[in-house]
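>>> below is the structure, and that's it, no one-letter string:
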């Protein structure tokens, strides 16, 4: 994660995790059960394109999921690609996830 995002807090809203940077947002839509959190869609305001904000919200969200003790279901293609690029995060993916063997 780029240094400018390190101290920005992750906000867990009702259906999304988000960060705010320079009055713009990067967020991930999610669904949560007792034991799992499914990440469905990642998006950043156009003004944040190329800044690393989307990757920062993903990394902060993965940290949150790990700390919560829940398992991840990475349905979002951006999150899936992030985990492929950073395989150490596979440790929090639910082994029952359909694409687990592709990570």
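Perfect, thanks for sending it. Just so we're clear, the structure is a prediction, and the values are computed from it rather than from any experiment.
>>> run a quick neighbour tally on residue 15.
12 (other CB atoms under 10 Å). For the C-beta atoms, the positions are set from N, CA and C on the backbone; glycine is no exception.
>>> what residues of stretch 79-87 count as buried?
79, 80, 82, 83 (16 or more other CB atoms under 10 Å).
>>> am I right that the third one is in contact with residue 58?
Yes - taking CB atoms under 8 Å as the contact criterion, residue 82 and residue 58 are neighbours in contact, 4.9 Å apart.
>>> what are the buried residues along the helix ranked longest in the chain?
The longest helix of the chain (DSSP state H) is helix 53-68. Applying a neighbour-count criterion of 16+ other CB under 10 Å, one finds 53, 54, 55, 56, 57, 58, 59, 60, 61, 62, 65 buried in helix 53-68.
>>> right, and the helix or strand after it?
For helix 53-68, the following helix or strand on the C-terminal side (DSSP states H and E) is strand 71-74.
>>> show me what that following strand is packed up against.
When contacts are defined as 3 or more CB pairs under 8 Å, 6 or more residues apart in numbering; DSSP states H and E, strand 71-74 sits against strand 36-44, helix 53-68.
>>> the first one vs helix 53-68, what angle?
When you say that, I think you mean strand 36-44. Between strand 36-44 and helix 53-68, the angle comes out at 160 degrees (axes from the mean of the first three to the mean of the last three CA atoms, to 10 degrees).
>>> which strands and helices sit next to strand 36-44?
Short answer (3+ CB pairs under 8 Å, 6+ apart): strand 36-44 packs on strand 24-32, helix 53-68, strand 71-74, helix 77-85.
>>> and that strand, how far out from the chain middle?
Offset of strand 36-44 from its chain centre (CA atoms, centre = their mean, to the nearest Å): 6 Å.
>>> okay, now the sheet partners of that strand, with direction.
Take DSSP bridges as the rule and strand 36-44 pairs in its sheet with strand 24-32 (antiparallel), strand 71-74 (parallel).
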